[in-house]
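Q: sequence first, predicted coordinates after that:
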Protein chains: 2
Amino acid sequence: MKVIILSRVLKEKQIEKIKATAVKAGAVLCFVEEEKAIPEGFLDAEVLYGFGTETAKTSTALKWLCVPSAGVDYLMGPGAFANEDCILTNSSGAYGVTIAEHMIAVSLMMMRKLTLTYAETLQGVWGKPKPQKSLKDCRITVLGTGDIGSNFARRAKAFEPKAMVGVCRSGKSEETCYDQVVPISELDGILPSTDLLAMSLPDTAETKGILSKERLSLLPEGAYIVNVGRGSAIDEDALSELLEKEYLGGAALDVFRTEPLPKDSPLWKTKNLLITPHVAGNLTLEYTLDTNVDMFCEDLLNYAQGRPLKHIVDRKIGY
Amino acid sequence: MKVIILSRVLKEKQIEKIKATAVKAGAVLCFVEEEKAIPEGFLDAEVLYGFGTETAKTSTALKWLCVPSAGVDYLMGPGAFANEDCILTNSSGAYGVTIAEHMIAVSLMMMRKLTLTYAETLQGVWGKPKPQKSLKDCRITVLGTGDIGSNFARRAKAFEPKAMVGVCRSGKSEETCYDQVVPISELDGILPSTDLLAMSLPDTAETKGILSKERLSLLPEGAYIVNVGRGSAIDEDALSELLEKEYLGGAALDVFRTEPLPKDSPLWKTKNLLITPHVAGNLTLEYTLDTNVDMFCEDLLNYAQGRPLKHIVDRKIGY
């Protein structure tokens, strides 16, 4: 079985783990840093780990694509796979820890006005205390209660919020950190009592534009928004307007409709908007990369032994 | 009983609470924004709530001073009280929540390099992912396990650190969030296995210069330091040197030997040093101010009814 490992970020430790697993799985490995570099003898590889979008599009031999991302929206269009039966697995589960830490960090930066204070510090200015809000007694709504949302909720719970409501497709969660979990159809009823809306949704037909202008205005005055899922979930223009008016307390966006955010985007200058360049879940954290590789290796053994894969994506619903 | 309420930050809600308590306590209130404004009829007041350092120094009539801060170092020198028997209470207990949130925020900002990322964002630059560290599997040492340190430890625990060690005078804590609590005499043994040192110590004879050059070099390479107690605890020059050498991963200081930090301090430009202008525990957070006033009111009733006060400072040890 030919397996392509496509990555620029793997370190010795992870490479050794993959090699050891390949021996058990009877796999022949080819490590490359970009798809163009795949040697001819591996163009018919059965398995690819990495962002192999070109290979997926062109190779009819590819039977399993394992991507190191949690989101797989970029593989959902028609023609994304030359082999329509190609199995797709993602790395949902590897990002919960790191993205949850980002979500807590940016929530506190906004609510405690550390954004303003730090901007002053960078100028050598000893700033004055600023109005603050707290996660304590905050009413938190987690929109998207998967690995990422629930890792955030478990951490946020330790800050003693007044309420922790989960909102997801099924309206159910096995997590005990939520006071209540409701289906997306009940979102409109939850927004008016939400002080902090934490969004970690995949990009699917159902989630595109979910935070519309109408829904944004259901949030109470002074509410905060964090989005680490996909930029397509929010009406950016409506959000920007509510921030400029100071109706909302702030927003922290790590994802945008267009990335990188264009130089001339008005969002760069929007009041109380904390922009981060899609870094909440990047692979520079050792733990994330380790987990990512562990998950692939686990499924490589499953695949070799004909067992069902664990991290499979339902290509119909998109996650 | 004449009671002076000295504050610029109280809002209607807290003023009403104090007035209602004064009725029960048989107290006559005088609200002023600065000590100079105390009317002649109140120069012999028995009680003062606020930063009444001048009154403490000059009034022999003052029997109880309640300060809205947790630290009371500025009241420890000789001559601080004209009445040597004056009772001193502080507001330790009001700041745990807000300072703990600050500590988590700056820890994550440093470890996730959000300091650098945000500095780029402020310039309209979509930055690249940077090396990151995580609170997960981090070995955390909390130096000072009082209200502030333990509120931090409880929150940090939710991030799944590898170890959570408390270090305090007694070597004991009733908190269950520590894996281990040791006396300060054992600090040197703990530092080499500390990835994040969180300091929330009062300024006392015992804590001055506690993080000396020698102790700083006991920390492992890449360690992080957060200090929200008092600046006197750290050898700032030695810290700065270790940061410049990139031996330490970073430091977040909210307190300094001299505050405000002088314009020409080299600390402003020290690599990987996150400076905040003593804002971790300011009173702009409603919860903090409420709790602060609640604590004073509780003790005002105790005082009126001849019961022992709850938030008393041992003026011999300084906290």
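A: Here it is on my side, so go on.
Q: wait, what's in contact with A:Asn151?
A: A:Gly96, A:Val97, A:Ile99, A:Ala100 (C-beta atoms under 8 Å, 6 or more residues apart in numbering or on different chains). Every residue, glycine included, has its C-beta placed from N, CA and C.
Q: so who does the second one touch?
A: Put plainly, it is A:Val97. Residues in contact with A:Val97, defined by C-beta under 8 Å, 6+ apart, are A:Asn151, A:Leu285, A:Tyr287, A:Thr288, A:Thr291, B:Ser134, B:Lys136, B:Glu160.
Q: name the element it belongs to?
A: Using DSSP states H and E, A:Val97 sits within helix A:96-111.
Q: ok, back up a step: just the buried members of the contacts of A:Asn151?
A: Buried by 16 or more other C-beta atoms under 10 Å in any protein chain shown: A:Gly96, A:Val97, A:Ile99, A:Ala100, out of these.
Q: for the residues you listed, which one is nearest chain B?
A: A:Val97 (5.1 Å; C-beta to the nearest C-beta).
Q: what's the domain layout of chain A?
A: Following automatic domain parsing, one finds the domains of chain A at A:2-94+A:284-304, A:96-275.
Q: any idea which of the ones you listed is most buried?
A: Comparing the domains of chain A by mean neighbour count (mean count of other C-beta atoms under 10 Å in any protein chain shown), domain A:96-275 comes out on top with a mean of 20.
Q: state the mean pLDDT of it.
A: Mean pLDDT, domain A:96-275: 97.
Q: sec struct for A:Val293, please.
A: Per DSSP: H, G, I helix; E, B strand; the rest coil, the local secondary structure of A:Val293 is helix.
Q: separation between it and B:Lys263?
A: 49 Å (C-beta to C-beta, to the nearest Å).
Q: one more: A:Val106?
A: For A:Val106, the distance to B:Lys263 - C-beta to C-beta - is 30 Å.
Q: now do the helix holding A:Val97: distance to the chain's middle.
A: The gap between where helix A:96-111 is centred and where its chain is centred comes out at 12 Å by C-alpha atoms, centre = their mean, to the nearest Å.
Q: quick one: it to helix B:96-111, angle?
A: 120 degrees (axes from the mean of the first three to the mean of the last three C-alpha atoms, to 10 degrees).
Q: helix or strand next in line after helix A:96-111, which one?
A: helix A:114-122.
Q: after that following helix comes which helix or strand?
A: strand A:139-143.
Q: wait, A:Pro260 sits on A:Ile275?
A: No - in this structure, A:Pro260 is not within contact of A:Ile275 by C-beta atoms under 8 Å, at 10.5 Å.
Q: please enumerate the strands of chain A.
A: In order along the chain, chain A carries the following strands (DSSP state E): A:2-6, A:28-32, A:47-49, A:64-66, A:87-89, A:139-143, A:163-168, A:180-183, A:196-199, A:224-227, A:250-253, A:273-275.
Q: and of these, who's closest to chain B?
A: Across those, closest to chain B is strand A:273-275 (C-beta to the nearest C-beta), at 4.9 Å.
Q: so where do the helices sit in the stretch 201-319 of chain A?
A: A:213-216, A:236-244, A:286-304 (DSSP state H, counting those that start in this stretch).
Q: select, out of those helices, the one closest to chain B.
A: Of the helices of the stretch 201-319 of chain A, nearest to chain B by C-beta to the nearest C-beta is helix A:286-304, at 5.5 Å.
Q: what residues does the stretch 151-300 of chain A have near chain B?
A: A:154-155, A:157-160, A:259-261, A:263, A:268, A:274-277, A:279, A:282-287 (C-beta under 8 Å from any C-beta of the partner chain).
Q: from chain B, how far off is A:Lys130?
A: With distances taken as C-beta to the nearest C-beta, to the nearest Å, A:Lys130 is found 6 Å from chain B.
Q: wait, doesn't that residue sit right on B:Thr276?
A: No - contact criterion C-beta under 8 Å: A:Lys130 and B:Thr276 do not qualify, at 11.1 Å.
Q: which residues touch A:Ile275?
A: Here A:Ile275 is in contact with A:Leu253, A:Leu261, A:Leu267, A:Trp268, B:Thr121 (C-beta under 8 Å, 6+ apart).
Q: now with 6 Å?
A: For A:Ile275, the contacting residues are B:Thr121, by C-beta atoms under 6 Å, 6 or more residues apart in numbering or on different chains.
Q: pairing partners for it in the sheet, please.
A: A:Ile275 has these beta-bridge partners by DSSP bridges: A:Leu253.
Q: still on that earlier bit, would you list the strands of chain A in JSON lines and tack on distance to A:Thr58?
A: Shown next, in JSON lines, are these (distance: least, C-beta to C-beta, whole Å):
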{"stretch": "strand A:2-6", "distance to A:Thr58": "13"}
{"stretch": "strand A:28-32", "distance to A:Thr58": "15"}
{"stretch": "strand A:47-49", "distance to A:Thr58": "12"}
{"stretch": "strand A:64-66", "distance to A:Thr58": "12"}
{"stretch": "strand A:87-89", "distance to A:Thr58": "16"}
{"stretch": "strand A:139-143", "distance to A:Thr58": "36"}
{"stretch": "strand A:163-168", "distance to A:Thr58": "35"}
{"stretch": "strand A:180-183", "distance to A:Thr58": "39"}
{"stretch": "strand A:196-199", "distance to A:Thr58": "34"}
{"stretch": "strand A:224-227", "distance to A:Thr58": "33"}
{"stretch": "strand A:250-253", "distance to A:Thr58": "34"}
{"stretch": "strand A:273-275", "distance to A:Thr58": "36"}
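Q: which stretch among those comes nearest B:Ala37?
A: Closest to B:Ala37 of the strands of chain A, according to C-beta to C-beta: strand A:250-253, at 36.8 Å.
Q: quick one: list the elements packing against that closest one.
A: Other helices and strands packing on strand A:250-253, by 3 or more C-beta pairs under 6 Å, 6 or more residues apart in numbering or on different chains; DSSP states H and E, are helix A:96-111, strand A:224-227.
Q: give me that answer again for 7 Å
A: Packed against strand A:250-253, as judged by 3 or more C-beta pairs under 7 Å, 6 or more residues apart in numbering or on different chains; DSSP states H and E, are the following elements: helix A:96-111, strand A:224-227, strand A:273-275.
Q: turn these into JSON lines, including distance to B:Val47.
A: Listed next are the helices and strands packed on strand A:250-253 as JSON lines, based on distance: least, C-beta to C-beta, whole Å:
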{"stretch": "helix A:96-111", "distance to B:Val47": "35"}
{"stretch": "strand A:224-227", "distance to B:Val47": "40"}
{"stretch": "strand A:273-275", "distance to B:Val47": "44"}
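Q: and A:Ala153, how far from B:Leu114?
A: 21 Å.
Q: and A:Phe81, by the same measure?
A: Applying C-beta to C-beta, the value for A:Phe81 to B:Leu114 is 37 Å.
Q: contacts only, for the residue nearest the centre of chain A.
A: Among the residues of chain A, the one closest to the centroid is A:Gly229, at 4.5 Å (C-alpha atoms, centre = their mean). If a contact means C-beta atoms under 7 Å, 6 or more residues apart in numbering or on different chains, then A:Gly229 has A:Gly144, A:Met199, A:Ser200, A:Leu201, A:Pro202, A:Val255 as its contacts.
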